[in-house]
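Visitor: I would like the atomic coordinates for the input below:
(chains A and B)
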Amino acid sequence: MTLISYRQALHDTLRSEMHRDDRVFLIGEEIGLFEGSYKITAGLLAEFGPRRVRDTPIAEEGFTGAAIGAAMLGLRPVVEIMTINFSLLALDQIVNHAAKIYGMFGGQARVPMVIRTPGGGGQQLGATHSQNIELYYAFVPGMKVVAPSTPADAKALMLAAVRDDDPVLVLENLALYNTKGEVPDEDLPADIGTAAVTREGADITVVAYSRMAAVALRAAEELAATDGIDVEVVDLRSLRPLDRETVIASVRKTNCAVVLEDDWLTYGIGAEVAASISDGAFDWLDAPVRRVAMAEVPLPYSKPLETAALPSTDDAITAIRQTLDAVARRR
Amino acid sequence: MIDILMPRLSDTMEEGVISSWHKSPGDRVNAGQILAEIETDKAIMEFEAYQDGTLAEILVPAGSAAPIGSPIARLDDGIGGPAARPGDRPADESSRAAETGRLVATPLVRRLAREHGIDLTTVTGTGPGGRIVRADIEDALRASPSTDTSPPAPSPAEPDSDPASTRMPFDAVRHALASRLTQSATTTPTFTATASADVEALLSLRARLNEALDAAGSGKVTVNDLVVRAVALALRVHPGINASYSPAGRGETVLHSRVHVGIAVSSPSGLMVPVIRDADRTPVSTIAARARDLAGRAADRSLTPADMADGTFTVSNLGMFGVEQFTAIINPPQGAILAVGAATDVLGSPDAPARPRMRYTLTADHRIIDGALAGQFLATLTGLLENPLSVIA
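Guide: Okay, the predicted model is just below:
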């Protein structure tokens, strides 16, 4: 095990996968000479040369489409889209090509492509550069979407994504890049579509992914210390496929749940999770499932307004307490 | 519009008294602000608002009481319009229960009620809007370990409509007595077993004891004092009778390390059960002195809670009224009670004289005491009563 940052884990995993398999190459804006806007690809152009680390024009639809073609013909491209906001320009390539080709053409070609892209607000980047729109891709059959919340998962899920034969979007997060954690030295790819119980508890289930999975653990520790509440945290890790079984098993144990998400509430990931809980654990529910999400506004630039609009640890704690009040278990 | 309900602030609370309101109708209320102070059976506690809104109406004024789960005020949260009143179509899920009378219970509660035969119409919901949550049926779940489809008890009818009848409202003692005995009689599965002893030797021993005590200027020993002592010794031999049922876990039998025998005495307020502590280690003359003191203080209402605490078994004796045999109701949380009748002459064979026999009936909590154990206890007790020297030894 080594204590490294989420950023370093992504960098090291890409580098080792490029050494392991020479079909793996990187493509995207400013990833070569500039070494990536968030420095995930630092040093890789120098090490692997311009054939394996391709700087592109500012043309997301074009380089995503080029990567799809390369994948169909046997390479294993890893596309960096500088932030998930810019993926909207490649939406047609991702939704109508990457996700559809295998099914529409009778399995003649697979698309073993990775799209790496960070989401998340809180950096004062304004409404168009601060969104959490992973839902757009998790919505589409044919895509896989994973969302690591720790350095160890950044490695395990990136390994699984690069080695998967279908298009996988790896949702990174701006606020997680500098977080540190223990990462196994050996290569242990995650099982895409498997959630993790990252903290066992008896009183209430908190379901989250990406940054909010880290928030969930912080809220759990604080509530354990202040209120003696025993929170179970389920980190989804994969938004498609969605591991409903792990969520349902947890709620059947605790009888109540709160879902945390960084995206908007209405039609969000939390709505899908809440509906899944209702389907699979209805007769075990002692309170309605609560959701904590971002305010339903384009994210403001002003720091106080931005902070107020994003879901916080305190918001999570309040929702957990309110839910436990509703089942009369916090007196 | 949201109904604010009387919260459950302690485990034993059944109703609360509003000591004071911190907000008046029309005041803005934020979640977390103190709405009122509520006096429970234990303490005065602050009651916080759970939601933001405007206090629309106070339903229970300061100084008045309300049961858990009943509305004490209404909060206008901006949903459903400020003019919403009972009967209006509710706009908010959380106010449904109180406004429409529809039974609101969580899916978990509905499933458990189905599986355990719990009638939810008899349960008070303490969740939002009076919703029945799992915590509200814990007691019922404990009392009903398996599926039980027995019909609910009929609601008590108005006993008498004759206007000439005298009605005597219960005082606190009678109220406590009534609820404890109702709880015991309705929630404890009991059985009874009767035995009898030839007490000629016991009565003659008592006569000789009292002659000696009289000569020494001490108070006399009653038959019941000897019975209490004999019962205490028998309980020491059979600790399974000196026991209580506990619902902890899957249920447990709690064997008490000490033998504290309660004696049922009548008082102006009704039945009282003061306790002879460590009766198995106390001489009969001391038991007699304590029993006399306790009966006297029951008569002048000066018994303290400490005098009546910690009993592990109770002896009730109606022999002095000539009652030959009766059954008693267990005094919870004890596991059993002995109902002692009068010593009456029983004819032996035609050539033998009549001899006094005394009958006693054990009522036992069958969850922790089986018939065989009850029989063994009664046999030990009979042996002691028929060999009274072992009682005073």
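
Visitor: and residue B:169, which of the three is it?
Guide: Under the three-state scheme (DSSP: H, G, I helix; E, B strand; the rest coil), residue B:169 adopts coil.

Visitor: scratch that, residue B:262 is what I was asking about
Guide: Following three-state DSSP, residue B:262 is assigned to strand.

Visitor: so who does it touch?
Guide: Counting by CB atoms under 8 Å, 6 or more residues apart in numbering or on different chains, residue B:262 touches B:273-276, B:308, B:311, B:313-315, B:331, B:334. Where C-beta positions appear, they are placed from N, C-alpha and C, glycine not excepted.

Visitor: let's see 6 Å
Guide: Residue B:262 makes contact with B:273, B:275, B:311, B:314, according to CB atoms under 6 Å, 6 or more residues apart in numbering or on different chains.

Visitor: Also residue B:341?
Guide: Each residue near residue B:341 by CB under 6 Å, 6+ apart is listed here: B:319, B:323-325, B:359.

Visitor: Using PyMOL, define a selection of the buried residues within those.
Guide: Buried members of the contacts of residue B:341, defined by 16 or more other CB atoms under 10 Å in any protein chain shown, are picked up in PyMOL with:
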select buried, chain B and resi 319+325+359
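
Visitor: And the contacts of residue B:341, which is closest to residue A:171?
Guide: residue B:325 (80.5 Å; CB to CB).

Visitor: So that closest one belongs to a helix, correct?
Guide: No. With three-state DSSP as the criterion, residue B:325 is coil rather than part of a helix.

Visitor: For it, give me its contacts.
Guide: Shown in contact with residue B:325 (CB under 6 Å, 6+ apart): B:341, B:359.

Visitor: Can you classify residue B:244 by secondary structure?
Guide: Applying three-state DSSP: residue B:244 is strand.

Visitor: Could you check the pLDDT of it?
Guide: Note for residue B:244: predicted pLDDT of 94.

Visitor: my guess is it contacts residue B:331, does it?
Guide: No. Under the criterion of CB atoms under 6 Å, residue B:244 makes no contact with residue B:331, lying 10.7 Å away.

Visitor: could you dump the contacts of residue B:262 to CSV with distance to chain A?
Guide: Formatted as CSV, these follow (distance: CB to the nearest CB, whole Å):
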residue, distance to chain A
B:273, 32
B:275, 33
B:311, 30
B:314, 34
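
Visitor: Show me which of residue B:244 and residue B:331 is the more surrounded one.
Guide: The neighbour count for residue B:244 versus residue B:331, taken as other CB atoms under 10 Å in any protein chain shown, is higher for residue B:331 (22 against 19).

Visitor: contacting residues around the residue lying closest to residue B:106 once chain neighbours are set aside?
Guide: Excluding the flanking residues, the one nearest residue B:106 by CB to CB, 6 or more residues apart in numbering or on different chains is residue A:286, at 4.7 Å. Contacts for residue A:286 (CB under 6 Å, 6+ apart) come out as A:255-256, A:327, B:106, B:108, B:133-134.

Visitor: make it 8 Å
Guide: A:255-256, A:326-327, B:106-109, B:133-134.

Visitor: Just give me the neighbour total for residue B:334.
Guide: Here the number of neighbours of residue B:334 (other CB under 10 Å) works out to 23.

Visitor: so it sits right up against residue B:316, yeah?
Guide: No. Residue B:334 is beyond contact range of residue B:316, at 11.8 Å (criterion: CB atoms under 8 Å).

Visitor: Spatially nearest residue to residue B:50 (excluding sequence neighbours)?
Guide: residue B:31 (5.9 Å).

Visitor: doesn't residue B:4 make contact with the one you found?
Guide: No. Applying CB under 8 Å, one finds residue B:31 not in contact with residue B:4, separated by 11.9 Å.

Visitor: quick revisit: please flag which of the contacts of residue A:286 sit within helices.
Guide: Counted as lying in helices by DSSP state H, out of the contacts of residue A:286, are A:326, B:107-109.

Visitor: Just the closest of these to residue A:154, please.
Guide: Closest to residue A:154, out of all of those and judged by CB to CB, is residue A:326, at 36.0 Å.

Visitor: Of the ones in helices among the contacts of residue A:286, which pair is most distant in space?
Guide: Within those, A:326 and B:107 form the most distant pair, 13.3 Å apart (CB to CB).

Visitor: re the thing from before, which of residue B:31 and residue B:4 has more residues huddled nearby?
Guide: The residue with more neighbours, out of residue B:31 and residue B:4, is residue B:4; 25 against 12, by other CB under 10 Å.

Visitor: Contact residues of the stretch 1-150 of chain A facing chain B?
Guide: Contact residues, the stretch 1-150 of chain A versus chain B (CB under 8 Å from any CB of the partner chain): none.

Visitor: So which residues on the stretch 201-331 of chain A come close to chain B?
Guide: A:255, A:282-288, A:322, A:325-329, A:331.

Visitor: again, only using 7 Å
Guide: Contact residues (CB under 7 Å from any CB of the partner chain) of the stretch 201-331 of chain A with chain B: A:255, A:282-287, A:322, A:325-329.

Visitor: picking up where we left off before, put together TSV for the contacts of residue B:262, with secondary structure and neighbour count on each row.
Guide: Output for these, formatted as TSV (DSSP: H, G, I helix; E, B strand; the rest coil; neighbours: other CB atoms under 10 Å in any protein chain shown):
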residue	secondary structure	neighbour count
B:273	coil	22
B:275	strand	21
B:311	coil	22
B:314	strand	23
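
Visitor: pLDDT added to the residues you listed, as a markdown table?
Guide: Shown next, in a markdown table, are the contacts of residue B:262 (pLDDT from 0 to 100):
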| residue | pLDDT |
| --- | --- |
| B:273 | 92 |
| B:275 | 95 |
| B:311 | 94 |
| B:314 | 97 |
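
Visitor: Out of those, which is nearest to residue A:269?
Guide: Nearest to residue A:269 out of the contacts of residue B:262 is residue B:311 (CB to CB; 59.7 Å).

Visitor: Any figure for the gap between the residue of the stretch 201-350 of chain B found nearest chain A and residue B:142?
Guide: Chain A sits closest to residue B:249 of the stretch 201-350 of chain B, with a gap of 15.5 Å, by CB to the nearest CB. In this view, residue B:249 and residue B:142 are 11 Å apart by CB to CB, to the nearest Å.
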